[in-house]
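**Q** Predicted model and sequence follow; I will ask about them next.
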Amino acid sequence: MAGTLYLVATPIGNLDDMPPRVAATFGAADFVAAEDTRVTLRLLNHLGLKKPLVSYYEHALHHGAAILARIEAGEDCALCSDAGMPCISDPGEQIVAEALARGIRVVPVPGASACVTALAVSGQKTGRFVFEGFLPVPKKERRARLEALAREERTVLLYEAPHKLRATLGDLCAVCGADRSVTLCRELTKLHEEICKTTLGQALARYEAEDPRGEFVLVLAGADAPEPQEAAPTLDQAVQAARLLMEGGMPPSAAARQAAAGTPYRKGEIYRALLRQQDPPAE
């Protein structure tokens, strides 16, 4: 009988946030699949547990075949990332997709997630949001993604490493404008936790003057919705406007020209429609 794949959330910084069920799941699992075995080993040592560890980062490149084979053979696996909920901006998503395709039971053991924690504390709108993770590195792909985010009306969540923060803030300023609101959440739940709601321009100025430290979640306000535009007049409405001008004494050609201004119709279209609508001559 096949085992179970448990997706185990780990604390994002403060070990006091460890849910009892997380510790129990690690204790009951036959082996642990970790994003970085060195990080997870420290966590298991904190819990007083000794478990076989396998790095799923390498295996995920091959769809987690080795891990899934062990589960199909009857072993229970606790899969975790370095911090937070696994499979979110994380190669574990490939293992989960393949596990479900094979009919393996997948059970979430939820806990903290840096992106949702940052959103809750950001002071930005939370009703609709989009998680972008890390921005692409290749310039062409990055530029296309940034241009799309500049138009995004939902709140945007981004992850960024300290050594790339200045460049990312500069790019966001260029496409979104320096006045766009952003909340920078640094080292969430850790000793030097900081939540700063500001603007892109002010954030860039700050980190041009000081070195960024720690991992960041950027919570970017969505773009303002475009102003609703009035519907273009119909041809009949444009012709009616020309008729009113003619009733005021304007020649048909000039009336058609003026009525065409600001509409999708040409002067000639309106002029011909005027001629077609003229009353037939009396017999």
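**A** Everything's here; your move.
**Q** State whether residue 132 is indeed within a helix.
**A** No - under DSSP: H, G, I helix; E, B strand; the rest coil, residue 132 falls outside any helix and is assigned strand.
**Q** was I right about residue 185 contacting residue 220?
**A** No - Residue 185 lies out of contact with residue 220 (Cβ atoms under 8 Å); the separation is 11.6 Å. Heads up, the C-betas are built off the backbone N, CA and C, glycines and all.
**Q** Low-confidence stretches in the stretch 151-283 of the chain?
**A** 229, 278-283 (pLDDT under 70).
**Q** any chance you could map the helices in the chain?
**A** All helices of the chain, identified by DSSP state H, fall at 20-28, 37-47, 56-60, 65-72, 92-101, 114-121, 139-151, 165-176, 200-209, 235-247, 252-260, 267-276.
**Q** will you turn those into TSV that also has mean neighbour count and distance to residue 85?
**A** Formatted as TSV, those follow (neighbours: other Cβ atoms under 10 Å; distance: least, Cβ to Cβ, whole Å):
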stretch	mean neighbour count	distance to residue 85
helix 20-28	16	11
helix 37-47	15	14
helix 56-60	18	15
helix 65-72	18	18
helix 92-101	18	10
helix 114-121	19	9
helix 139-151	13	23
helix 165-176	19	23
helix 200-209	17	26
helix 235-247	16	56
helix 252-260	19	59
helix 267-276	16	60
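**Q** quick one: which of those is nearest residue 9?
**A** Proximity to residue 9, assessed across the helices of the chain by Cβ to Cβ, is greatest for helix 20-28 (6.5 Å).
**Q** What is the closest one packed up against?
**A** When contacts are defined as 3 or more Cβ pairs under 8 Å, 6 or more residues apart in numbering; DSSP states H and E, helix 20-28 packs onto strand 4-8, helix 37-47, strand 105-109.
**Q** Out of these, which gets nearest to residue 262?
**A** strand 105-109 (56.7 Å).
**Q** Give the pairing partners of that closest one; include direction for each.
**A** Its sheet considered, strand 105-109 pairs with strand 4-8 (parallel) by DSSP bridges.
**Q** average model confidence for the strand it pairs with?
**A** For strand 4-8, mean pLDDT rounds to 97.
**Q** Compute the inter-axis angle for that strand and helix 65-72.
**A** For strand 4-8 against helix 65-72, the angle by axes from the mean of the first three to the mean of the last three Cα atoms, to 10 degrees is 120 degrees.
**Q** In strand 4-8, which residues are buried?
**A** 4-8 (16 or more other Cβ atoms under 10 Å).
**Q** And for stretch 10-20?
**A** Quick answer for stretch 10-20 (16+ other Cβ under 10 Å): 10-13, 18-19.
**Q** Take those residues and write them to CSV, including distance to residue 256.
**A** What follows is the buried residues of stretch 10-20, written out as CSV (distance: Cβ to Cβ, whole Å):
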residue, distance to residue 256
10, 73
11, 73
12, 68
13, 71
18, 77
19, 75
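**Q** ok, back up a step: let me know the closest of the buried residues of strand 4-8 to residue 273.
**A** residue 7 (66.2 Å).
**Q** Surely the closest one is in contact with residue 81?
**A** No - contact between residue 7 and residue 81 fails when scored by Cβ under 8 Å: they sit 9.3 Å apart.
**Q** Mutual contacts of these two, please.
**A** The contact sets of residue 7 and residue 81 overlap at 87, 92 (Cβ atoms under 8 Å, 6 or more residues apart in numbering).
**Q** Report how many residues lie close to the nearest residue to residue 131 once chain neighbours are set aside.
**A** Nearest non-adjacent residue to residue 131, counting by Cβ to Cβ, 6 or more residues apart in numbering: residue 157, 4.7 Å away. Using other Cβ atoms under 10 Å, residue 157 has 23 other residues around it.
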